[in-house]
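> Please work out how this folds:
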Amino acid sequence: MSLLARLRDLGSRLGILQLAQPKSERAPAKVTMRTVSLAELQSEVM
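Numbers count the residues shown, from 1 in each chain. Below you'll find the model as predicted:
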């Protein structure tokens, strides 16, 4: 038994670890980026 399997087993017995299946199998959302100048950022904050 590997160390990872032993740790999983111990965590399950102690009730501090629970394995779960992912809820959806869709691809992660794409991250959009934009460039902002300090002047634009200052006007958005104030």
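> which sections of this structure are below the confidence cut-off?
Scanning the chain for pLDDT under 70 picks out the ranges 44-46.
> and if we set it to 80?
Residue ranges of the chain with pLDDT under 80: 1, 17-20, 22-25, 28, 43-46.
> Okay, helices next: where are they in it?
Along the chain, counting by DSSP state H, helices occupy 3-14, 38-45.
> Just say which of these is most tucked in.
Across these, averaging neighbours per residue (mean count of other Cβ atoms under 10 Å) puts helix 3-14 on top, at a mean of 10. Quick note: C-beta positions are derived from backbone N, CA and C, even for glycine.
> on that earlier part again, any chance of the helices of the chain in a markdown table, plus distance to Ala20?
Below are these laid out as a markdown table (distance: least, Cβ to Cβ, whole Å):
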| stretch | distance to Ala20 |
| --- | --- |
| helix 3-14 | 12 |
| helix 38-45 | 39 |
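> Which one of these lies nearest to Arg26?
helix 3-14 (26.5 Å; Cβ to Cβ).
> Only alpha carbons, please: show that closest one as CSV.
Extracted C-alpha coordinates of helix 3-14, given in CSV (Å, rounded to 0.1, in the frame of the first residue of the first chain):
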residue,chain,number,x,y,z
LEU,A,3,1.9,6.3,1.4
LEU,A,4,-0.9,8.2,-0.4
ALA,A,5,-3.3,5.3,0.0
ARG,A,6,-2.5,5.0,3.7
LEU,A,7,-3.0,8.7,4.3
ARG,A,8,-6.4,8.6,2.4
ASP,A,9,-7.4,5.6,4.5
LEU,A,10,-6.4,7.3,7.8
GLY,A,11,-8.2,10.5,6.8
SER,A,12,-11.3,8.6,5.9
ARG,A,13,-11.3,6.7,9.2
LEU,A,14,-10.8,9.9,11.2
